[in-house]
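Asks: Need coordinates for the following:
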Amino acid sequence: MDKSTHDGGLSNVFLFQGSYFVITGIWPVVGINSFMVATGPKQDIWLVHMVGLLAISIGLTFLISSLRQQRLPIFLAYATTLSFLVMDIIYVASGVIQRIYLLDASIQFLFLTLLTIFIIRKQQRNRK
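Replies: Numbering: from 1, shown residues only. From the prediction side, this is the model:
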């Protein structure tokens with residue numbers, strides 16, 4: 001891919017977000033007990049593992065795309081980030097999950113903000 005079409009700032013967001021997803025996805029898969037100490041008890045462990053594996057898969061996609069300077073999966077980034085953000089807020093507010101998930105919601109909001117800023121900047125540069 002032509003490096004001029006691969007935005008460095010946006011690529012860095014994908015590196016950071018991909019790393020975050022891989023790390024937070026691995027944790028419940030390899031250490032469910034410590035994960036539940038931090039986040040509260042879970043009823044369906046298989047579902048927690050599945051969400052962890054999906055987070056790892058998405059994170060690896062972000063990392064590989066960024067490191068190989070390939071087209072960045074922007075739609076996947078927005079969809080994933082919004083999904084985690086909305087679920088965190090709704091289920092903390094309804095008392096289903098613990099308040100610690102608001103930390104994740106804050107991080108997801110940061111990703112959403114950074115994605116938006118760098119995409120707008122890239123569009124403005126392309127118009128010139």
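Asks: same for the longest helix seen in the chain, what does it pack against?
Replies: Secondary structure assigned by DSSP state H gives helix 101-127 as the longest helix of the chain. For helix 101-127, the helices and strands in contact under the criterion 3 or more C-beta pairs under 8 Å, 6 or more residues apart in numbering; DSSP states H and E are helix 8-30, helix 74-93. C-beta: built from backbone N, CA, C; applies to glycine.
Asks: hmm, try it at 10 Å
Replies: Helices and strands touching helix 101-127, by 3 or more C-beta pairs under 10 Å, 6 or more residues apart in numbering; DSSP states H and E, are helix 8-30, helix 32-39, helix 74-93.
Asks: where are the low-confidence patches of the chain?
Replies: Across the chain, the ranges flagged by pLDDT under 70 are 1-6.
Asks: now the helices and strands packed on helix 101-127 in JSON lines, with mean neighbour count?
Replies: Below are the helices and strands packed on helix 101-127 laid out as JSON lines (neighbours: other C-beta atoms under 10 Å):
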{"stretch": "helix 8-30", "mean neighbour count": "18"}
{"stretch": "helix 32-39", "mean neighbour count": "13"}
{"stretch": "helix 74-93", "mean neighbour count": "16"}
